[in-house]
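> Structure of the sequence below:
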Amino acid sequence: MLANTLQLLAVGLLWGVTNPFIRLGSQGIECVKDTGSRYRNFIAELRMIGSRLNYWIPFGLNQCGSLLYVWTLQSANITIAVPVANSLSFVFTAITGYLLGEQIPGKKIIIGTLLICCGSTLMICDKLQHEQQIMNIPFNE
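Numbers count the residues shown, from 1 in each chain. Model prediction:
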């Protein structure tokens with residue numbers, strides 16, 4: 001269970017920290033306009049994004065987080081894994097965005113994030129307690 005918790009922490013970290021960098025790397029894509037067809041506009045956007053390492057490096061790390069998530073789901077309880085990874089992702093996104101100069105989230109978002117983290121912590125503690133009780137049950141022949 002500890003290994004799964006650490007893996008989910010790493011997933012949340014990889015997803016959360018890379019989100020603001022992906023957002024920074026894709027800045028300006030909305031300004032790409034081609035007077036031609038939608039196909040030409042799509043090609044111009046692909047050319048713009050394709051040439052930016054500051055987009056592709058965080059995107060690749062984000063996808064590594066997704067691979068770790070899928071690998072962790074093989075042994076983790078899905079009812080715990082999903083909220084833990086997603087809530088941690090949100091927390092790390094907010095912290096990283098703030099450190100990069102983005103606007104700090106409002107009070108309601110901060111309170112909601114704290115409640116999600118508290119709920120995830122309670123779920124992990126309950127799972128650990130349940131596993132401990134199972135291990136202490138004597139085997140009857």
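
> Which secondary structure state is assigned to K33?
Classification of K33 using DSSP: H, G, I helix; E, B strand; the rest coil returns coil.

> Quick check: it touching E45?
No - contact criterion Cβ atoms under 8 Å: K33 and E45 do not qualify, at 9.6 Å. C-beta: built from backbone N, CA, C; applies to glycine.

> And these two? Which one has more around it.
The neighbour comparison of K33 against E45 (other Cβ atoms under 10 Å) goes to E45, with 16 against 9.

> and that one, what does it touch?
29, 32 (Cβ atoms under 8 Å, 6 or more residues apart in numbering).

> by contact count, what packs against whichever helix or strand G16 is part of?
Using DSSP states H and E, G16 sits in helix 2-25. On a contact count with 3 or more Cβ pairs under 8 Å, 6 or more residues apart in numbering; DSSP states H and E, helix 2-25 meets helix 53-73, helix 78-99.

> could I get these as JSON lines with mean neighbour count?
Conversion of the helices and strands packed on helix 2-25 to JSON lines gives the following (neighbours: other Cβ atoms under 10 Å):
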{"stretch": "helix 53-73", "mean neighbour count": "15"}
{"stretch": "helix 78-99", "mean neighbour count": "18"}
